[in-house]
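J.: fold the stuff below for me.
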Amino acid sequence: MSGDVTTFQSQATGFSFRMFKKVEVNLGGSFFRNNGRGSVTTIFPGNSRETRVVVLLHELGHLVKNSSKQWVLPDDGDSNALSLANTDKVITVCRQEIDSLSKVSVAEELEMILPSKLAEATPR
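T.: Numbering: from 1, shown residues only. I've put the predicted structure just below:
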């Protein structure tokens with residue numbers, strides 16, 4: 001994430017988050033590859049649903065403020081140790097939900113999404 005930052009806040013709830021002008025996914029990293037280099041975690045293999053969810057939750061943690069008005073995850077761009085600690089925090093907090101991803105096949109996942117989309121697209 002880089003570039004200009006825009007911050008949004010709900011007047012009703014106080015929920016606050018920020019968005020960066022530019023967001024990129026590392027094509028050589030564990031989001032797309034299982035090459036053993038630069039993996040975000042040793043718990044889940046690279047190029048898996050679990051790792052992709054961990055990566056996305058980690059990055060979302062940098063965008064959202066908690067009730068104490070602090071970023072859920074502190075900025076870690078200059079510190080590999082802090083990045084790994086942030087990733088461990090994501091896994092610790094979300095482990096049950098992340099583990100449940102392997103219990104749903106791709107076909108089952110598509111069935112959950114597609115019937116409603118097909119119904120919407122079907123002319124009446």
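
J.: mind listing what Asn66 touches?
T.: Contact analysis of Asn66 by Cβ atoms under 8 Å, 6 or more residues apart in numbering lists Val72. Every C-beta, even on glycine, is put in place using the N, C-alpha and C of the backbone.

J.: closest to the centroid, which residue in this structure?
T.: Leu56 (1.4 Å; Cα atoms, centre = their mean).

J.: how close does that one get to Lys69?
T.: Leu56 sits 23 Å away from Lys69, going by Cβ to Cβ, to the nearest Å.

J.: and the residue nearest to the centre of the chain, helix, strand or coil?
T.: Under DSSP: H, G, I helix; E, B strand; the rest coil, the three-state class of Leu56 is helix.

J.: ok, Arg18 next?
T.: At Arg18 the chain is in strand, as set by three-state DSSP.

J.: is it bridged to anything, and to what?
T.: Beta bridges link Arg18 to Thr7, judged by DSSP bridges.
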